[in-house]
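S.K.: Pasting a predicted model and its sequence here:
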Amino acid sequence: MTGKKILFVSSELVPYLPENEVSLMSYEAPRMVNSNGGQIRIFMPRYGNINERRHQLHEVIRLSGMNLVINDMDMPLIIKVASIPRERIQVYFIDNEEYFKRKATFTDEHGELYPDNDERAIFFAKGVVETVKKLNWSPDIIHVHGWLASLLPVYLKHYYADEPLFADSKIVTSVYGKSFEGELDINLKNKLAFDNVPEEAITLLEKPSYNNLLKVAVNFSDAIILAAEEIPDELLNHLKGLDKPVLPYVSIQEFEDAYANFYSSEVLTRVI
């Protein structure tokens, strides 16, 4: 991995959020790359339940201040950073008062999905890309973790298709177990169409369920990692119909060699 540049984009990450399959692997994978001589950038949303004082988040003025258009609305983008001291890893946080100030991640106090989770996912995807553009950092691999990050592949392949910074980047999506029941806003497809994402690319999002979000993510990825033991059969069957490299599940105790080899032998060598 020496010298390779890998962008990790995740909906959850320890130590900023509680440990689960997504948040733990979103930490372990970049730690592995970092310790093997790779260059990394990590992005996640700045949810309101992240303790900014404890984790020493601070705003990066030179990266903040842009407005992102979400469904014909201007939404200010704020970028914050923090470091994970023991690993010397820096994390970039995508923030916006409207979308991420609330003191929870995906659901309200009754366990109901936030009605604007779809727009939060769009904002996160566009915010990551616009910030990486400002950093002028061209990744060899973009590795996506978690359903809130799942719109990034389709945005990279369509909305940002002509962006030279990502022309040679390979997209890897990690598929985890089902993270939510129900569906996101039924108008998600129309909101993507507002950004000129072709309707035929997102017909699955007429029903914006967890499975369909991940199907769209893998459709526009170059390689897939099965990151959980229990993955919905519907998703597994969809993956069988794709002609793309798939890394079967490996435990967190054994993932390092498997991921490094997959990056090197299957992802970086893949011709788009």
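M.R.: On my side now, so go ahead.
S.K.: got the contact list for the lowest-mean-pLDDT helix or strand in the chain?
M.R.: One helix or strand of the chain scores below all others by mean pLDDT, DSSP states H and E: helix 52-55, with a mean of 92. Contacts to helix 52-55, defined as CB atoms under 8 Å, 6 or more residues apart in numbering, come from residues Pro15, Tyr16, Arg46, Lys80, Ala82. Placement of C-beta: from N, CA and C, glycine included.
S.K.: Could you identify the buried members of those residues?
M.R.: Tyr16, Arg46, Lys80, Ala82 (16 or more other CB atoms under 10 Å).
S.K.: any chance of the residues you listed in JSON lines, plus pLDDT, distance to Ser26 and secondary structure?
M.R.: Listed next are these as JSON lines, based on pLDDT from 0 to 100; distance: CB to CB, whole Å; DSSP: H, G, I helix; E, B strand; the rest coil:
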{"residue": "Tyr16", "pLDDT": "95", "distance to Ser26": "10", "secondary structure": "coil"}
{"residue": "Arg46", "pLDDT": "97", "distance to Ser26": "15", "secondary structure": "coil"}
{"residue": "Lys80", "pLDDT": "97", "distance to Ser26": "17", "secondary structure": "strand"}
{"residue": "Ala82", "pLDDT": "96", "distance to Ser26": "15", "secondary structure": "strand"}
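S.K.: Out of the residues you listed, which is nearest to Tyr155?
M.R.: Nearest to Tyr155, judged by CB to CB, of the buried ones among the contacts of helix 52-55 is Arg46 at 19.5 Å.
S.K.: Save the buried ones among the contacts of helix 52-55 as a markdown table, and put in distance to Leu68 too.
M.R.: Converted to a markdown table, these look like this (distance: CB to CB, whole Å):
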| residue | distance to Leu68 |
| --- | --- |
| Tyr16 | 22 |
| Arg46 | 15 |
| Lys80 | 16 |
| Ala82 | 22 |
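S.K.: Can you say which two of the residues you listed are spatially most distant?
M.R.: Tyr16 and Lys80 (11.0 Å).
S.K.: Now do the helices in the stretch 1-150 of the chain.
M.R.: Counting by DSSP state H, counting those that start in this stretch, residue ranges of the helices within the stretch 1-150 of the chain are 21-35, 52-55, 97-100, 117-135.
S.K.: among those, which is nearest Gln253?
M.R.: That would be, of the helices of the stretch 1-150 of the chain and by CB to CB, helix 21-35, which comes in at 10.2 Å.
S.K.: Which positions within that closest one qualify as buried?
M.R.: For helix 21-35, burial by neighbour count (16+ other CB under 10 Å) applies to 21-27, 29-34.
S.K.: Also stretch 191-211?
M.R.: By neighbour count on 16+ other CB under 10 Å, the buried set for stretch 191-211 is Lys191, Leu192, Asp195, Val197, Ala201, Ile202, Leu204, Leu205, Pro208, Ser209, Tyr210, Asn211.
S.K.: what's the spacing between that stretch and its chain's center?
M.R.: 17 Å (CA atoms, centre = their mean, to the nearest Å).
S.K.: what does stretch 116-134 give?
M.R.: Distance, centroid of stretch 116-134 to centroid of chain: 9 Å (CA atoms, centre = their mean).
S.K.: what's the average pLDDT for it?
M.R.: For stretch 116-134, the mean per-residue pLDDT is 97.
S.K.: Need the CA coordinates for it. CSV is fine.
M.R.: Written as CSV, here are the backbone C-alpha positions of stretch 116-134 (Å, rounded to 0.1, in the frame of the first residue of the first chain):
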residue,chain,number,x,y,z
ASP,A,116,-34.7,14.3,5.6
ASN,A,117,-32.2,11.4,5.8
ASP,A,118,-32.2,11.3,2.0
GLU,A,119,-31.1,14.9,1.7
ARG,A,120,-28.5,14.4,4.4
ALA,A,121,-27.1,11.6,2.3
ILE,A,122,-27.0,13.8,-0.8
PHE,A,123,-25.4,16.6,1.2
PHE,A,124,-22.8,14.3,2.6
ALA,A,125,-21.8,12.9,-0.8
LYS,A,126,-21.5,16.3,-2.5
GLY,A,127,-19.8,17.8,0.6
VAL,A,128,-17.1,15.1,0.5
VAL,A,129,-16.4,15.5,-3.2
GLU,A,130,-16.3,19.3,-3.0
THR,A,131,-13.9,19.2,-0.1
VAL,A,132,-11.6,16.7,-1.7
LYS,A,133,-11.6,19.0,-4.8
LYS,A,134,-10.5,21.9,-2.5
